[in-house]
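*Asks:* Structure, please.
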Amino acid sequence: MRDTGNVREHLNPKAGGEWRAIEEEFLRKGQVDVTQKALTLLRDQSVADAFQKVMGPVFPQHLAVLACGAYGLGQTFQPEVVPILVTATTDRNAEVRLAAVRGLDSLHTHAGPAIPALEKLLADPDEAVRERAKEVLDRLMRK
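*Replies:* Numbers count the residues shown, from 1 in each chain. Down below sits the predicted model:
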């Protein structure tokens, strides 16, 4: 396996400033629930960004397959994997794109950020991908 170097070099340098801004907001207002949510979202995005930067070059074509594997095992995804599943919707393999759509479908309302990627799949060359993307979009729009 290729050496990916120090993981810290792949972290978003803006995240440090964002962490401090959240901390300052907490110290000013003392809102625990808002702060916890903001920190959780920033952590999740930082982890997703770092994962894509570190693993993308190592598994350029198979990153999506790794992300979609849990679906094939009958397990559901956590909302944190939405960016990885969105990446999988652009894979050149139709089966991987279809698995990504299924994974997004299992997230229900948490898949909202993937709507633009799902809309692009409405023009996918594979009929099964197009149909499933339409079904998922229809469900998301109803909620």
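*Asks:* show me where pLDDT drops low in the chain?
*Replies:* Judged by pLDDT under 70, the chain has its weakly predicted residues at 1-16, 47-48, 50-79, 143.
*Asks:* How is it partitioned into domains?
*Replies:* The chain breaks down into these domains under automatic domain parsing: 1-58, 59-143.
*Asks:* Name the secondary structure element that contains P83.
*Replies:* helix 82-88 (DSSP states H and E).
*Asks:* Equivalent analysis for A21, please.
*Replies:* Per DSSP H and E: A21 is located in helix 14-29.
*Asks:* What's the first helix or strand after the helix holding P83?
*Replies:* Taking DSSP H and E, what comes next after helix 82-88 is helix 94-106.
*Asks:* Which SSE is immediately downstream of that following helix?
*Replies:* Heading C-terminal from helix 94-106 (DSSP H and E), you reach helix 115-120.
*Asks:* Please point out which parts of that next one sit buried.
*Replies:* A117, L118 (16 or more other CB atoms under 10 Å). Yep, even glycine has a C-beta here, placed from its N, CA and C like the rest.
*Asks:* Number the chain from 90, please
*Replies:* With the count now opening at 90, the last piece we talked about shows up as helix 204-209.
*Asks:* ok, residues contacting the next helix or strand after that helix?
*Replies:* Sequence-wise, the next helix or strand downstream of helix 204-209 (DSSP H and E) is helix 216-231. Contact partners of helix 216-231, identified using CB atoms under 8 Å, 6 or more residues apart in numbering, comprise 183, 186-187, 190-191, 193-194, 197-198, 200-201, 204, 207-208, 210-213.
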